[in-house]
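# Just the structure for this:
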Amino acid sequence: MNIYYVAADPNLTGRDVEQRYLEVLKSVRKAIGLPIAVKLSPFISGLAHFAGELVDQGADGLVLFNRFYQPDFDLENLEVVPNLQLSTSEEMRLPLRWIAILRDHVACSLGATTGIHTPIDALKYLMAGADVTMTTSTLLRNGPEYLRVLVDGLKTWMEENEYESVQQMKGSMSHQKVADPASLERANYMKVLQSFRENP
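All right, here's what the predicted structure looks like:
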C-alpha cells in the first residue's frame, strides 16, 4: 500500500498526516484479508511509535522508504517539470538505520527499498533486519539480467563469510545486536567529521 502523499497544506499537523495513513490502512484492512505492507514516507517525526500503530491497525509489513520524485524548474519556460533521478547506494543510509532500529520493536515484516545497487547493499539491509530488499534504479540502468549479478554476489559473500542461510545473518546488525546500539540513534557528528579525509 503505497500512500504517496505530500503534506503541503500548512493547516495539517503531523498527526493529521499520520491519521490519513491509519484511516487508509483501516479501510483496506476491512476490505481484504490479504497481507498488507505499507510503504512509508521518511518524513514521519515519531517513526518508531507510528510504525507500531500501523502494525496495531493491521499492517503485516512496512516498506522503508517511499522515495518522492522531486520536480525541477525549467527557467526558460518558467515551468515546473518532472525530473527522474535514479537512486544511488549512498541513499540507503536512512532506511538502513530505521530498519535496524525497527527490527526489534515491531512484530511485522520489513522491506527495504532505495539505494540497492550491489550485492553488498542488499547484504547490509538483510543484516539490519530486512526480510526483503527491492530495487528499481539498478535494473533500469543495467537491465533485468543484473538480478543474477546481485544474487550471485550475495551467495559468494555468504560462502566466503561462512553463512549458511539468509536467516542466519538477517537482523544480526539490528539495534539490539550491534555492539553500540546508541550509534544508530545519535548523530555522532564529531566521529563523522573526524572520519572525513579530503581527496588529495
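# Figure out the helix or strand that the nearest residue to Val6 once chain neighbours are set aside lives in.
Excluding its sequence neighbours, the residue lying closest to Val6 (Cβ to Cβ, 6 or more residues apart in numbering) is Phe68, at 6.7 Å. For glycine as for every other residue, the C-beta is placed from the backbone atoms N, C-alpha and C. Assigned by DSSP states H and E, Phe68 falls within no helix or strand.
# Hmm, Phe68 is touching Ala8, no?
No: using Cβ atoms under 8 Å, Phe68 is not in contact with Ala8; the gap is 11.7 Å.
# And the two? Which one has more around it.
Neighbours of Phe68 and Ala8, each counted by other Cβ atoms under 10 Å, are more numerous for Phe68; the result is 12 against 6.
# ok, now which ones touch that one?
Residues in contact with Phe68, defined by Cβ atoms under 8 Å, 6 or more residues apart in numbering, are Tyr4, Val6, Ser41.
# Quick check: His175 touching Trp98?
No: taking contacts as Cβ under 8 Å, His175 lies outside contact range of Trp98: 9.8 Å.
# Can you pull out the low-pLDDT segments for the chain?
By pLDDT under 70, the low-scoring segments of the chain are 184-194, 198-200.
# Spatially central residue in it, please.
The residue lying closest to the centre of the chain (Cα atoms, centre = their mean) is Leu64, at 2.8 Å.
# Apart from its chain neighbours, what residue comes closest to that one?
Pro95 (4.2 Å).
# For that neighbour, pull up the helix or strand it's in.
Going by DSSP H and E, Pro95 is part of helix 93-102.
# How far off centre is that helix?
Remark: helix 93-102 is offset 7 Å from the chain centroid, using Cα atoms, centre = their mean, to the nearest Å.
# Show me what the helix or strand that comes right after it is packed up against.
As assigned by DSSP H and E, the chain's next helix or strand after helix 93-102 is strand 109-113. Applying 3 or more Cβ pairs under 8 Å, 6 or more residues apart in numbering; DSSP states H and E, one finds that strand 109-113 makes contact with strand 37-40, strand 61-64, helix 93-102, strand 132-134.
# Make a markdown table from the ones you listed and add distance to Phe73 to it.
Listed next are these as a markdown table, based on distance: least, Cβ to Cβ, whole Å:
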| stretch | distance to Phe73 |
| --- | --- |
| strand 37-40 | 28 |
| strand 61-64 | 29 |
| helix 93-102 | 25 |
| strand 132-134 | 30 |
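# ok, which stretches of this protein are helices?
For the chain, the helices defined by DSSP state H occupy 14-31, 47-56, 93-102, 119-128, 137-142, 146-160, 166-169, 189-195.
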